[in-house]
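A.B. asks: The amino acid sequence is not available; the structure is as follows:
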């Protein structure tokens with residue numbers, strides 16, 4: 001169950017034992033030597049670091065609308081649309097490229113990977129309000145009837161499972177650090193760290209947690225963050241089981257520096273944790289050799305989709321953490337990466353979709369094509 005800053009005690013599952021060396025934990029961090037720094041005036045180094053943190057937060061959280069000084073709103077919006085159209089020459093619409101995509105998909109095993117926030121649901125001020133429409137849920141359900149489908153999210157697996165509400169999917173929570181297959185699925189997820197679970201009907205499903213040993217550490221950091229941020233209005237702290245998230249979307253920008261300093265200072269005591277940036281969110285995650293790209297590889301292997309010539313993974317996402325999956329697909333030249341964005345962004349994805357409504361239309365088109373193929 002996902003936890004937020006309610007000061008309630010979390011209920012967490014027993015993690016499977018994990019080998020630190022296999023996960024690539026940066027053990028040198030705990031015994032790193034001091035690096036000499038040039039003499040500065042008191043406070044200058046802290047100020048420079050603080051500015052760097054603030055810049056990173058702003059870079060990962062661009063304003064929704066940017067007006068051009070001296071011009072009307074209409075002109076500014078027209079300019080933004082022109083920039084977006086130019087960007088789409090390099091990252092064409094996946095909807096308009098269906099013929100090209102389905103040509104690649106012909107006679108191949110297709111696997112679908114979907115981010116949740118900003119992909120299946122809109123980005124909203126309160127994470128609890130990021131709800132899928134019933135039409136989107138049906139589109140995802142229909143896709144899962146034809147192709148193995150995974151929801152891969154920064155949220156906890158339990159939380160995203162509750163939001164989506166479909167039992168026939170694979171769920172990868174905490175950026176792929178907590179993976180579970182559908183109940184009754186016979187595909188073997190036989191890997192170190194995999195544990196079998198049984199539901200109330202006695203049916204088996206399987207779970208993989210490559211960072212299970214960090215549960216207590218993340219929980220402790222979460223509780224500390226709740227306490228330290230309770231005086232900063234608008235801050236939302238979430239326990240996503242294998243990562244803790246600090247949302248500052250509703251925080252006055254003048255307080256962003258305070259949040260950055262607070263989080264970075266806290267992590268000085270946790271050398272095996274790191275900070276990553278999302279859209280108006282700081283995420284505290286284990287320093288392990290695992291990301292959404294590794295999770296996609298693991299799931300493809302678990303499904304028996306190891307022959308790249310016979311497989312076409314399709315990954316759709318909108319955030320920085322999805323870039324790891326886009327990068328992996330591009331490097332292996334084995335799949336289709338689709339970025340969901342209404343503004344130009346640096347991305348390793350080849351195709352694009354503007355928003356969740358276009359994602360839904362793309363999924364519907366994919367199902368319609370498959371039905372025609374099977375007819």
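C.D. replies: Noted; the coordinates are in hand. Worth saying up front: this structure is predicted, and the values here are computed from it rather than measured.

A.B. asks: What ranges does the protein have for its strands?
C.D. replies: 3-4, 109-114, 149-152, 170-173, 178-180, 194-198, 204-208, 236-239, 244-247, 273-278, 281-286, 311-317, 336-340, 351-353 (DSSP state E).

A.B. asks: Could you dump these into a markdown table with mean neighbour count and mean pLDDT added?
C.D. replies: Quick note: C-beta positions are derived from backbone N, CA and C, even for glycine. Output for the strands of the chain, formatted as a markdown table (neighbours: other CB atoms under 10 Å; pLDDT from 0 to 100):
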| stretch | mean neighbour count | mean pLDDT |
| --- | --- | --- |
| strand 3-4 | 21 | 46 |
| strand 109-114 | 22 | 96 |
| strand 149-152 | 25 | 96 |
| strand 170-173 | 26 | 92 |
| strand 178-180 | 25 | 87 |
| strand 194-198 | 13 | 38 |
| strand 204-208 | 19 | 53 |
| strand 236-239 | 24 | 92 |
| strand 244-247 | 25 | 92 |
| strand 273-278 | 18 | 87 |
| strand 281-286 | 23 | 89 |
| strand 311-317 | 25 | 97 |
| strand 336-340 | 25 | 98 |
| strand 351-353 | 24 | 98 |
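
A.B. asks: Now render those strands as CSV, adding distance to residue 215.
C.D. replies: Converted to CSV, the strands of the chain look like this (distance: least, CB to CB, whole Å):
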stretch, distance to residue 215
strand 3-4, 12
strand 109-114, 25
strand 149-152, 20
strand 170-173, 13
strand 178-180, 10
strand 194-198, 13
strand 204-208, 13
strand 236-239, 10
strand 244-247, 11
strand 273-278, 13
strand 281-286, 10
strand 311-317, 25
strand 336-340, 31
strand 351-353, 35
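
A.B. asks: For residue 293, which of those is the nearest?
C.D. replies: In terms of CB to CB, the element of the strands of the chain nearest to residue 293 is strand 311-317, at 9.0 Å.

A.B. asks: residues in contact with that closest one?
C.D. replies: Residues from elsewhere that reach strand 311-317, judged by CB atoms under 8 Å, 6 or more residues apart in numbering: 94, 101, 104-105, 108-115, 118-119, 152, 292, 296, 300, 305, 322, 325-326, 329, 334-340, 349, 353, 359, 362, 366.

A.B. asks: cool, stretch 324-337 as well?
C.D. replies: So stretch 324-337 is contacted by 94, 101, 104, 113, 152, 291-297, 308, 311-315, 317, 339, 347-351 (CB under 8 Å, 6+ apart).

A.B. asks: Now with 6 Å, please.
C.D. replies: 101, 291, 292, 293, 296, 308, 313, 314, 315, 348, 349, 350 (CB atoms under 6 Å, 6 or more residues apart in numbering).

A.B. asks: For residue 132, give its distance to residue 320.
C.D. replies: Using CB to CB, to the nearest Å, residue 132 is found at 22 Å from residue 320.

A.B. asks: should've said residue 108
C.D. replies: As for residue 108, its distance to residue 320 is 29 Å (criterion: CB to CB).

A.B. asks: neighbour-wise, which of these two wins?
C.D. replies: Neighbour comparison, residue 108 and residue 320: the larger count goes to residue 320, with 18 against 15 (by other CB atoms under 10 Å).

A.B. asks: And the helices in this protein?
C.D. replies: For the chain, helices defined by DSSP state H occupy the ranges 20-23, 44-59, 73-90, 98-105, 134-146, 157-164, 215-229, 256-267, 292-302, 323-332, 356-374.

A.B. asks: And the average pLDDT for the fourth one is what?
C.D. replies: Looking back up the chat, that one is helix 98-105. The pLDDT scores in helix 98-105 average 96.

A.B. asks: Using neighbour counts, pick out the buried residues of that helix.
C.D. replies: Applying a neighbour-count criterion of 16 or more other CB atoms under 10 Å, one finds 98, 101, 102, 105 buried in helix 98-105.
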